[in-house]
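K.L.:
After the sequence you'll find the predicted model.
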Amino acid sequence: MLNKSAIRAFGIAIFLVGALLALANRFDVNIGLPTKGFSNQQQVEELQNKLSKANQEIASLKDQLKQVHTTEKTSTTDASEQADEETATDETTMSLQIYSGITPYSVAQKLEDGGIITNSVEMELLLANPKYARSLQIGSYEVNSSMTLEEIANLITGKKQ
């Protein structure tokens with residue numbers, strides 16, 4: 001037979017567990033008990049539905065893009081070829097502002113946005129090279145699209161060519 005102290009201890013333990021559960025429920029603390037909500041299967045189905053809708057939207061956008069490209073191809077003629085030849089010989093010029101604290105990434109982005117270079121990543125990597133790193137010179141520089149990446153880097157870092 002159980003003695004009084006064992007029964008008392010059991011009663012106190014039950015009371016404490018009940019109090020802890022009530023506090024956890026009151027303050028929305030997840031203590032590992034199962035909660036109401038979606039089952040894993042429901043979540044998987046919902047995500048699969050979203051994925052299929054996204055794939056359908058991507059497919060429709062690709063179709064629209066193809067239609068636009070085919071329309072552009074049929075509407076462009078020799079005039080566009082002549083315009084391409086003219087723009088190929090034209091060079092783009094811009095004034096590049098270098099200020100204190102500017103990063104190689106920002107410089108490369110400005111050059112790409114200005115149409116001076118076609119790939120900002122190449123320029124960023126070049127400026128991160130130990131030869132040019134940390135030596136961007138503050139000022140305003142006139143750059144054009146006929147310059148090579150090295151020429152631009154030498155200009156804005158003050159290095160000799």
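P.N.:
Thanks, I have the structure now. Residues are numbered from 1 along each chain as shown.

K.L.:
ranges for the helices of the protein?
P.N.:
4-26, 40-75, 78-89, 104-113, 120-128, 149-157 (DSSP state H).

K.L.:
Tell me which of those sits nearest to residue 135.
P.N.:
helix 149-157 (4.4 Å; Cβ to Cβ). For glycine as for every other residue, the C-beta is placed from the backbone atoms N, C-alpha and C.

K.L.:
hang on, the earlier thing: okay if I get the helices of the chain as CSV plus mean neighbour count and distance to residue 142?
P.N.:
Putting those into CSV (neighbours: other Cβ atoms under 10 Å; distance: least, Cβ to Cβ, whole Å) gives the following:
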stretch, mean neighbour count, distance to residue 142
helix 4-26, 10, 68
helix 40-75, 10, 34
helix 78-89, 9, 19
helix 104-113, 18, 12
helix 120-128, 17, 17
helix 149-157, 18, 9
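
K.L.:
per-stretch mean pLDDT over those, give me the minimum one.
P.N.:
Of all the helices of the chain, the minimum mean pLDDT falls on helix 78-89 (a mean of 51).

K.L.:
Nearest approach to residue 140 belongs to which of the helices of the chain?
P.N.:
So among these, helix 149-157 is nearest, using Cβ to Cβ, at 10.2 Å.

K.L.:
Can you tell me what sits against the closest one?
P.N.:
96, 98, 107, 111, 116-117, 122-123, 126-127, 132, 135-137, 141, 143, 147, 159-161 (Cβ atoms under 8 Å, 6 or more residues apart in numbering).

K.L.:
What subset of the residues you listed is buried?
P.N.:
96, 98, 107, 111, 116-117, 123, 126-127, 132, 136, 143, 147 (16 or more other Cβ atoms under 10 Å).

K.L.:
measure the nearest residue to residue 131 once chain neighbours are set aside to residue 65 for me?
P.N.:
Excluding the flanking residues, the one nearest residue 131 by Cβ to Cβ, 6 or more residues apart in numbering is residue 159, at 7.4 Å. Residue 159 is 43 Å from residue 65, where distance means Cβ to Cβ, to the nearest Å.

K.L.:
Residue 58 too?
P.N.:
Counting by Cβ to Cβ, the gap from residue 58 to residue 65 is 10 Å.
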